[in-house]
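>>> return atomic coordinates for the entry below.
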Amino acid sequence: MDRIVAGIWSDAGTAGGRRAAGLADRLARIARQVYQTLGCRDYARVDFRVSNDGDPFVLELNPNPYILSIGLLSGLEAMGKAHAEFVCGLARAALRRGKAAGGEE
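Numbers count the residues shown, from 1 in each chain. I've put the predicted structure just below:
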């Protein structure tokens with residue numbers, strides 16, 4: 001456990017330099033592949049760890065991550081999207097699925 005705790009933790013957005021930009025693109029591509037392969041819809045979070053050599057490893061996919069997390073709020077802000085707009089989009093998608101499955105309005 002000491003070895004893990006003593007590790008250097010950062011996210012792709014703060015690791016710095018061109019390597020970080022390339023890594024962020026690579027992680028986004030892998031996250032989309034994992035999301036699609038596992039049949040996710042609407043919203044999920046893929047967690048990674050990256051080796052010192054820059055090799056990414058998928059830890060897990062969380063299909064129901066905390067909707068008020070700092071990471072989500074920061075990501076929405078970076079995309080120019082309001083949190084309320086995001087939540088309403090989730091609700092609209094669920095309503096569309098319900099209607100398509102023969103549910104009531």
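>>> now stretch 42-49: average pLDDT?
Per-residue pLDDT over stretch 42-49 has a mean of 92.
>>> then stretch 57-72?
In this model, stretch 57-72 carries a mean pLDDT of 89.
>>> list the buried residues for it?
Of all the residues in stretch 57-72, those buried under the rule 16 or more other CB atoms under 10 Å are Leu61, Leu72. C-beta coordinates here come from the backbone N, C-alpha and C atoms, glycine included.
>>> all helices of this structure, in order?
Applying DSSP state H to the chain gives helices spanning 2-5, 17-37, 70-78, 83-100.
>>> ranking these by mean pLDDT, which is last?
Comparing mean pLDDT over the helices of the chain, the weakest stretch is helix 2-5, at a mean of 48.
>>> sorry, back to before: would you reformat the helices of the chain as JSON lines and include distance to Leu59?
What follows is the helices of the chain, written out as JSON lines (distance: least, CB to CB, whole Å):
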{"stretch": "helix 2-5", "distance to Leu59": "12"}
{"stretch": "helix 17-37", "distance to Leu59": "11"}
{"stretch": "helix 70-78", "distance to Leu59": "14"}
{"stretch": "helix 83-100", "distance to Leu59": "24"}
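>>> out of these, which comes closest to Asp55?
For these, distance to Asp55 was read as CB to CB. The smallest value, 9.9 Å, belongs to helix 17-37.
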